[in-house]
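Participant: Task: produce atomic coordinates for the following.
(chains A and B)
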Amino acid sequence: MLHTDLLPRDTAVNLITADGTTVHDEAYALPDADTLLTAYRGLVEGRRINEQANALVRQGRLAVYPSSHGQEACQVAAAMVLGDRDWLFPTYRDSVAVIARGVAPAEALVLLKGDWHSGYDVRAHRVAPQATPLATQLLHAVGFAQAAKHRGEDSVVLALCGDGATSEGDFHEAMNFAAVFHVPVVFFVQNNEFAISVPLSRQTAAPSLAHKAIGYGMPGQRVDGNDVAAVLAVLTEAVDRARAGGGPSLVEAHTYRMQAHTNADDDTRYRERDEVQAWIARDPLLRLRAHLTAADALDEDTEKRFAAGAEEIAAAMREALNTDADLDPEDLFRFVTTSRTPQLEEQWQLLHGELERDGLAHAAAATNGGQR
Amino acid sequence: MSIAEHDTRPAAPADTAPADTASTETGGTAAPDAAPAPATMTMAAALNLALADALAADGDVVVFGEDVGALGGVFRITDGLTARFGEDRCFDTPLAESGIIGTAVGMAMNGLRPVVEMQFDAFALPAFEQIVSHVAKLGNRTRGGIRMPLVIRIPFGGGIGGVEHHCDSSEAYYAHTPGLTVVSPSTPQDAYSLLRAAIASPDPVVFLEPKKLYWSKGEVDTTVTAEIGSARVARDGTDVTLLAYGASVALALEAAEVAAAEGRSVQVVDVRSLSPFDDETVTAAVRSTGRAVVIAEAPGFVSVASEIQARVFERCFEYLAAPVRRVTGFDTPYAPPKFEHWYLPDVDRVLDAIDTLHWDEDA
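Facilitator: Numbering: from 1, shown residues only, chains lettered A, B, ... in the order given. The predicted model follows:
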């Protein structure tokens, strides 16, 4: 392979322009109409989930929500390109991808609600737990794929991160390990231009984040992250290559974080409103709607049906998050180690005694002093 | 050049395991399928044998790290494993500690039982985030949905003339972290049995190997099992209990010998499991003598030695004839090789501590 074959294009792969017209690309085919319609449904739902989650933060039902409004094309495509046996390693901003993979919204949001550190069955959904340190999960993804290869499975791991994470040491180590051991991982960077307040120019001096791939000996590609057709095409190619034994690759999506980092962040301190406004014209949802409508692939009934489905999801989110979970204080001690240490047992007895004294002992806890 | 590459060459290759020698020594009368008879070997050889036996017993066990393949590890603990089990089971990684631990996390999530080597204690620090934020917490984060059957082997401590960053005692960092099991053997037998137990454990284990004792010899019976979380009475005595772990156990035993010659009966407890901690054995031991000294190489301030001292005070106060003392490393960065003999706890320092334990009041 010529080393230049590892280099990304000078401009991001784009199959549907901002006004909905298609672009011919020799290397990447436009996904078929059914696939795009499925993606559109995902975008509608993803947008609604982001809106509802923001509202739940304002109502105090979620502690915090890192919105992916504007990045829904990346989120939905990440879930769509994976098969049942594949694994997704998300970040904290990838709740919509996690939900698109099949996790119930209320379970996906447990971390942000504060009921526990993660709320879904990672094995059932093949989605690694979300966590807040940056880039650490990329190494887990690589090891996971290494084990899959070791066991002769043909599953692929899709590892997500943002532009800020590419500055972390673990990003480098993950790329390097993946390339050296030639494992079936696709690294998918959602470059949304900001790591909280710090712009991309302070994260890297590279021509693009996708250019980093060649330094590790793997191919990199850049894609318009607001064009779900292009993201699907580029990620599918990368996943297929990984599954066929072609090793890891890096895909950088150029997108934009339309909202603040979280509700705790004031983005007017570090970026101009004009910049945000300019990205509205590139909205992934409006773009695909324009394309599908022009292609007669989306009628009003379908649009209404998708909207109603998204409303149902939002209603279920409201109901689930407006309900206080039945928390068992013993859970503090239950999962620290597989069998509880004598020290933890002693501490649970202390807390249990306090609860009993206050008449607050949990019914289940009162009858079960330990799991051993 | 690693300071580990000095004169001694500790471990025999796994496929010339000392068990055969032992059979010969005992007349070779054991039935072919009987358990091998105990054999005398170094701690390094015992660790190598434990890794080999674990690899042979369970196809999901993988061993990796820096220089663990062809070289067999800078301390030769993995000697012969790649040759015997293949590159898939024992392999070298890029030189990146966070990468080693982080990928081990993913492997553990996907059904393997990784045993990784950190080469030297201070070299594990780039992996600290992975160890503390993920290895220790993933089981809890996922409400037990993910287990971390991962062993992190760390050659620890000094006494080998190592240069800076090669002789630290980092156990307090790990023992302070909920979710991590932290153990340290002081004999070849415990090295073998504890390492097998650590690899079999469904929880992550930080396995601290006292470098100074790698070449110490002892009998190893591969049928002996160890329970993680238990301390061991290494020497009986009635006047004072020395509490130690790792290389300090050897020092405690040496001090006990000297004290015995001076007429004091010294008990030595090898704490062995730093977390979880065996309060029962330690409490019973100290209550039986009424005096205690904790010995460790690490700086004493906010240390495992402090924790042991506090626990003994809490549980044994009314049995104590004197305050529990600590003999530890100084609160300085680990000493350069030519200062090491001033830094490290030694027999005199232990005996001096014993002498302060209010003996006159007993008379």
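
Participant: Low-confidence bits of the chain, can you list those?
Facilitator: I went with chain A, as the question did not name one. Regions of chain A meeting the criterion pLDDT under 70 cover residues A:1-2, A:362-372.

Participant: nope, chain B please
Facilitator: If you take pLDDT under 70 as the line, chain B has these spans: B:1-35, B:361-363.

Participant: roughly how far apart are the closest residue to residue A:153 other than its chain neighbours and chain B?
Facilitator: What sits nearest to residue A:153 in space, not counting adjacent residues and going by C-beta to C-beta, 6 or more residues apart in numbering or on different chains, is residue A:85, at 7.1 Å. C-beta coordinates here come from the backbone N, C-alpha and C atoms, glycine included. Going from residue A:85 to chain B by C-beta to the nearest C-beta, to the nearest Å gives 12 Å.

Participant: Residue A:85 contacts residue A:155, correct?
Facilitator: Yes. Counting by C-beta atoms under 8 Å, residue A:85 touches residue A:155, with 4.4 Å between them.

Participant: For these two, indicate the residue with more neighbours.
Facilitator: residue A:155 (21 against 12; other C-beta atoms under 10 Å in any protein chain shown).

Participant: Closest residue of the stretch 151-300 of chain A to chain B?
Facilitator: residue A:173 (3.5 Å; C-beta to the nearest C-beta).

Participant: Could I get the phi/psi values of the nearest residue to residue B:187 once chain neighbours are set aside?
Facilitator: Nearest residue to residue B:187 in three dimensions, chain neighbours excluded: residue B:218, at 4.9 Å (C-beta to C-beta, 6+ apart). Note on residue B:218: its backbone torsions stand at phi -170, psi 170 [degrees, to the nearest 10].

Participant: Just name whatever secondary elements the helix or strand in which the residue of the stretch 151-300 of chain A closest to chain B is found is in contact with.
Facilitator: Secondary-structure assignment from DSSP states H and E places residue A:173 in helix A:169-181. Here helix A:169-181 touches helix A:136-150, strand A:185-191, helix A:212-216, helix B:97-109, going by 3 or more C-beta pairs under 8 Å, 6 or more residues apart in numbering or on different chains; DSSP states H and E.

Participant: now that helix against helix B:97-109, angle please.
Facilitator: Here helix A:169-181 runs at an angle of 70 degrees relative to helix B:97-109 (axes from the mean of the first three to the mean of the last three C-alpha atoms, to 10 degrees).

Participant: Now helix A:169-181 - C-alpha only, CSV.
Facilitator: What follows is helix A:169-181 as a C-alpha-only set of coordinates in CSV (Å, rounded to 0.1, in the frame of the first residue of the first chain):
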residue,chain,number,x,y,z
GLY,A,169,-2.4,10.2,25.7
ASP,A,170,-4.9,7.3,25.6
PHE,A,171,-6.0,8.4,22.1
HIS,A,172,-2.5,7.9,20.9
GLU,A,173,-2.0,4.6,22.7
ALA,A,174,-5.3,3.3,21.5
MET,A,175,-4.4,4.2,17.8
ASN,A,176,-1.0,2.7,18.2
PHE,A,177,-2.0,-0.5,19.8
ALA,A,178,-4.9,-1.0,17.4
ALA,A,179,-2.6,-0.6,14.4
VAL,A,180,0.3,-2.7,15.8
PHE,A,181,-2.1,-5.6,16.7
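
Participant: Quick one: residues in contact with that helix.
Facilitator: Residues outside helix A:169-181 that contact it (C-beta atoms under 8 Å, 6 or more residues apart in numbering or on different chains): A:134-136, A:138-139, A:141-143, A:145-146, A:149, A:159, A:161, A:165, A:183, A:185, A:187, A:212-213, A:215-218, A:247-248, A:250, B:93-94, B:96, B:98-99, B:102-103, B:126, B:129-130.

Participant: Run the angle between that helix and helix A:136-150 for me.
Facilitator: Relative orientation of helix A:169-181 versus helix A:136-150 (the same axes, to 10 degrees): 20 degrees.

Participant: how far does helix A:169-181 sit from the chain's center?
Facilitator: In terms of C-alpha atoms, centre = their mean, to the nearest Å, the centre of helix A:169-181 is found 20 Å from the chain centre.

Participant: Contacts only, for residue 232.
Facilitator: As the question left the chain open, I've gone with chain A. Residue A:232 neighbours (C-beta under 8 Å, 6+ apart): A:31, A:35, A:39, A:77, A:80, A:81.

Participant: other chain: chain B
Facilitator: Per C-beta under 8 Å, 6+ apart, neighbours of residue B:232: B:190, B:269, B:270, B:272, B:281.

Participant: Quick one: end-to-end distance for stretch B:84-92.
Facilitator: 15 Å (C-alpha to C-alpha, to the nearest Å).

Participant: Which positions in that stretch come out as buried?
Facilitator: Along stretch B:84-92, these residues count as buried under the neighbour rule (16 or more other C-beta atoms under 10 Å in any protein chain shown): B:85, B:89, B:90, B:91, B:92.

Participant: List the neighbours of it that are in contact with it.
Facilitator: Applying C-beta under 8 Å, 6+ apart, the external contacts of stretch B:84-92 come out as A:150, B:13-15, B:52, B:55-56, B:61-70, B:78, B:81-82.

Participant: Of the residues you listed, grab the buried ones for ChimeraX.
Facilitator: Buried members of those, defined by 16+ other C-beta under 10 Å, are picked up in ChimeraX with:
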select /A:150 /B:13,14,52,55,61,62,63,64,65,66,67,68,69,78,81,82
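
Participant: Check the offset of the longest strand seen in chain B from the chain's centre.
Facilitator: For chain B, the strand that runs over the most residues, judged by DSSP state E, is strand B:292-299. Counting by C-alpha atoms, centre = their mean, strand B:292-299 is centred 15 Å from the centre of its parent chain.

Participant: counting contacts, what elements does that strand pack onto?
Facilitator: Using 3+ C-beta pairs under 8 Å, 6+ apart, strand B:292-299 is in contact with strand B:240-244, helix B:247-261, helix B:304-316, strand B:325-329, helix B:347-355.

Participant: Give me the angle between it and helix B:347-355.
Facilitator: 140 degrees.

Participant: re earlier: mind putting the buried residues of stretch B:84-92 into JSON lines with secondary structure and distance to residue A:97?
Facilitator: Below are the buried residues of stretch B:84-92 laid out as JSON lines (DSSP: H, G, I helix; E, B strand; the rest coil; distance: C-beta to C-beta, whole Å):
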{"residue": "B:85", "secondary structure": "helix", "distance to residue A:97": "39"}
{"residue": "B:89", "secondary structure": "coil", "distance to residue A:97": "35"}
{"residue": "B:90", "secondary structure": "strand", "distance to residue A:97": "36"}
{"residue": "B:91", "secondary structure": "strand", "distance to residue A:97": "33"}
{"residue": "B:92", "secondary structure": "strand", "distance to residue A:97": "35"}
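
Participant: Considering these, which is situated nearest to residue B:246?
Facilitator: Nearest to residue B:246 out of the buried residues of stretch B:84-92 is residue B:90 (C-beta to C-beta; 25.2 Å).

Participant: now the strands for the chain?
Facilitator: Here I'm looking at chain A. Using DSSP E, strands in chain A cover A:87-89, A:157-162, A:185-191, A:194-195, A:198-199, A:220-224, A:249-254.

Participant: that's the wrong chain, I wanted chain B
Facilitator: B:39-42, B:61-65, B:90-92, B:113-117, B:151-156, B:181-183, B:205-210, B:217-220, B:232-235, B:240-244, B:266-270, B:273-275, B:292-299, B:325-329.
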